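In: the following comprises the amino acid sequence and a computationally predicted model.
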Amino acid sequence: PTIAVVNGPNLDRLGTREPGVYGTETLADVEKRCHDAASGAGLGTRFFQSNSEGAIVDHLHDLVGAIDGLVINAAAYTHTSVAIRDALQVLDVPFVEVHISNVHARESFRHTSYLSDIAAGVIVGCGTQGYEFAVQRLAALIGADGS
Ligand code: DQA
């Protein structure tokens, strides 16, 4: 099985962007963390990041039929994007929504997600370690060992 890890706007700046909120790991560090967790569970990985809503929608379309599960941090689009929600329904694989920060402890506009009610799971406020937890969860849901 193969999973994809998709990151939205401003997450290309991880490591230097508001390190007090998002930590000091870079996106490359996060992707390596995901790759290692996935390969340990027998899962292949594909990685994508874009600052553009349409590019994320296009990429989710490209993934149709190509993956078995998804980790997505749609970043700010989480709180605004019907289009990404709809594309996730087109994709039709289990996905885990990740937020590095505890969005519920922040501004009220971050408390709403257009994705959570159709997600297989949601991980918030666990730092960049949350991505690893998400991969582990997908491995349990779709992994080669069938657990
Ligand atoms: C985020 C939380 C969002 O509210 C914010 O817009 C982000 C990152 C997180 O990972 O904590 O860009 O998704």
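Out: Sure, I can see it.
In: near the ligand, which residues of this protein are found?
Out: Asn10, Asn73, Ala75, Ala76, Thr78, His99, Ile100, Ser101, Val103, Arg110 (CB under 6 Å from any ligand atom). The way it works is simple: take the backbone N, C-alpha and C, and place the C-beta from them, glycine included.
In: is it true that the last one touches Tyr77?
Out: The one in question is Arg110. No. Arg110 is beyond contact range of Tyr77, at 11.9 Å (criterion: CB atoms under 8 Å).
In: between the two, which is the more surrounded one?
Out: In this view Arg110 and Tyr77 are compared by other CB atoms under 10 Å, and Tyr77 has more residues nearby, 23 against 17.
In: list the contacts for the more buried one?
Out: If you count contacts by CB atoms under 8 Å, 6 or more residues apart in numbering, Tyr77 has them with Gly8, Pro9, Glu53, Ile56, Ile84.
In: could you dump the helix or strand of the chain with the lowest mean pLDDT to CSV, C-alpha only?
Out: Of all helical and strand segments in the chain, the minimum by mean pLDDT, DSSP states H and E falls on helix 19-22, at a mean of 93. C-alpha atoms of helix 19-22 as CSV (Å, rounded to 0.1, in the frame of the first residue of the first chain):
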residue,chain,number,x,y,z
PRO,A,19,8.8,28.3,15.7
GLY,A,20,7.1,28.9,19.1
VAL,A,21,3.9,27.7,17.5
TYR,A,22,5.1,25.2,14.8
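In: please point out which parts of that helix sit buried.
Out: If you call a residue buried by 16 or more other CB atoms under 10 Å, then helix 19-22 has these buried ones: Tyr22.
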